[in-house]
Every structure is written in C-alpha cells, then in structure tokens.
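Student: I'll drop the sequence and a predicted model, then ask my questions.
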Amino acid sequence: DVQISLEPIEKIMTPDEIVLNPIYFNFDKSNITAQAAFELDKLIQIMNKYPDLVINATSHTDSRGTDSYNQRLSQRRAKSTQQYVISKGIDASRISAEGKGESEPKVDCGANCSDEQHQQNRRSEFKIVSGAPQQQ
C-alpha cells in the first residue's frame, strides 16, 4: 500500500497563509524574475487545486529609501505579482494586491539592519482571505 503524498502543497499551506520561498525583486525593480515565477507557479497550482481560495498578496520593502518611495515600490511589486498570477488564468477576483512599504518589517532593526535583515524585510506574503480547505 503505497501512499503518494501531496507533501509540497500541504507543507507550504497553513490555515491562514501560503508560505513560498522568498520572492525577491532586484533593487528598485518590480518585474517578476524567473526565480519569482517559479515560486508563484506553486501558488497558482494551489489556487487551481482549491478553486474557492482567495489570496491577498502583500509586498514589503526594507527601510532604505523614503517611506513614500518604498510605499510606491511595494505597490508596484504587489501589482506585478498579482498580474503574473492573473496572466496564468487565475480570476482577478481571487487575488488582491497590497503594498506595505517599510511599515511592517519582518525584522525590526531600524537604522542598524544588516544586509541579511534588509533582505528578510524585502518580501511578499500570501495571506488566505477565504476558501481555505478544511484541514484533516
């Protein structure tokens, strides 16, 4: 009796978010890189598997640059993430996009962040708004 597990999907899906590997953007850029596309394709796979799933994609920046600049940059990144998902056939009503700028750092290191901490703060997150499958 061989059990084939959908381990990759279950491993990246919690009750309230879908945890992908970090989706990094190049400095000052908002275009989806090949590596980001690879991660987003996992999200699309999950959204195809669970057709009721509604996601809110948020993009965050590090604290370098002005607040208003970072807010605009994160908004562009969230939008390009959303547009990529829609371009792969996911209905637009199922994914919203929000730029958070530097307002919600993962590592609150203020003005003394290391490069690694800056990188952790430059991220996208995928919260499940509704339609999460019931966990067995």
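Tutor: The structure has been received and is ready for your questions. Numbering: from 1, shown residues only.
Student: who's the closest residue to residue 94 other than its chain neighbours bridged to?
Tutor: Counting by CB to CB, 6 or more residues apart in numbering, the nearest residue to residue 94 once its immediate chain neighbours are dropped is residue 54, at 5.1 Å. Bear in mind the C-beta positions are built from the backbone N, C-alpha and C, glycine included. Following DSSP bridges, residue 54 is listed with bridge partners residue 130.
Student: next, count neighbours for residue 54.
Tutor: 17 (other CB atoms under 10 Å).
Student: one more: residue 100?
Tutor: Residues near residue 100, counting by other CB under 10 Å: 19.
Student: and for residue 104?
Tutor: By other CB under 10 Å, neighbour count at residue 104 equals 13.
Student: go on, residue 22?
Tutor: For residue 22, using other CB under 10 Å, the count is 13.
Student: which residues touch it?
Tutor: Going by CB atoms under 8 Å, 6 or more residues apart in numbering, residue 22 touches 39, 119, 120, 123, 124.
Student: that one and residue 96, how far apart?
Tutor: As for residue 22, its distance to residue 96 is 20 Å (criterion: CB to CB, to the nearest Å).
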